[in-house]
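Visitor: pasting a predicted model and its sequence here:
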Amino acid sequence: QVQLVESGGGSVQAGGSLRLSCAASGFTYSSNCMGWFRQAPGKEREGVAVIDSVGYTSYADSVRGRFTISKDNAKSTLYLQMNSLKPEDTAMYYCARRSGTCYLTASFGTWGQGTQVTVSS
């Protein structure tokens with residue numbers, strides 16, 4: 001059974017940091033495109049960052065330079081290091097996977113349940 005489980009969300013003050021994790025199981029983790037997405041109340045879901053099978057990364061303009069996506073193939077775990085957090089980063093964060101080409105606006109077929117990030121000013 002394909003499964004993605006996020007953790008690491010929480011509440012933090014502006015300027016703080018959080019690291020999200022996404023534990024994957026049920027598929028060949030290393031050969032997939034993995035991504036982080038977020039959705040704030042009343043807004044559409046947006047792509048935050050993706051990483052492909054060889055480690056190529058791509059970021060949304062709003063987080064580039066502050067967030068870092070990485071993965072540990074041995075642990076089948078995806079990470080999102082978030083620094084210099086802003087109130088506008090407040091959202092539910094989801095990890096997802098897809099086979100094939102890896103880009104922020106691609107269609108991802110497997111999703112986790114999400115982890116909440118709240119940044120206060």
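Guide: Ah, there it is. Keep in mind the model is a prediction, meaning the values are calculated, not measured.
Visitor: rest of the way, CA atoms for contacts and neighbours
Guide: OK.
Visitor: which ones are touching the most centrally placed residue in the chain?
Guide: The structure's the chain has its C-alpha centroid closest to Trp36; by C-alpha atoms, centre = their mean the separation is 2.2 Å. Taking C-alpha atoms under 8 Å, 6 or more residues apart in numbering as the criterion, Trp36 is in contact with 47-50, 80, 93-96.
Visitor: export stretch 110-121 to PDB, keeping only CA atoms.
Guide: Backbone C-alpha positions of stretch 110-121 (Å, rounded to 0.1, in the frame of the first residue of the first chain) are rendered in PDB as follows:
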ATOM      1  CA  THR A 110      -0.200  10.200  -4.200                       C
ATOM      2  CA  TRP A 111      -0.700  12.500  -1.300                       C
ATOM      3  CA  GLY A 112      -0.200  12.500   2.400                       C
ATOM      4  CA  GLN A 113      -2.700  13.700   5.000                       C
ATOM      5  CA  GLY A 114      -0.900  17.000   5.700                       C
ATOM      6  CA  THR A 115       0.700  18.800   8.600                       C
ATOM      7  CA  GLN A 116      -0.200  22.300   9.800                       C
ATOM      8  CA  VAL A 117       2.300  25.100   9.900                       C
ATOM      9  CA  THR A 118       1.200  28.300  11.600                       C
ATOM     10  CA  VAL A 119       3.500  31.400  11.700                       C
ATOM     11  CA  SER A 120       2.600  34.200  14.000                       C
ATOM     12  CA  SER A 121       3.800  37.800  13.600                       C
END
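Visitor: pull out the buried residues from that stretch.
Guide: 111-112, 114-119 (16 or more other C-alpha atoms under 10 Å).
Visitor: what about it, average pLDDT?
Guide: Regarding stretch 110-121, the rounded mean pLDDT is 97.
Visitor: ok, now stretch 49-69?
Guide: 97.
Visitor: got the end-to-end distance for that stretch?
Guide: Across stretch 49-69, the terminal residues are separated by 6 Å (C-alpha to C-alpha, to the nearest Å).
Visitor: check which helix or strand covers the residue nearest to the centre of the chain.
Guide: Counting by DSSP states H and E, the element that carries Trp36 is strand 33-39.
Visitor: list the pairing partners of that strand within its sheet, with orientation.
Guide: Applying DSSP bridges to the sheet, strand 33-39 is found paired with strand 46-51 (antiparallel), strand 91-98 (antiparallel).
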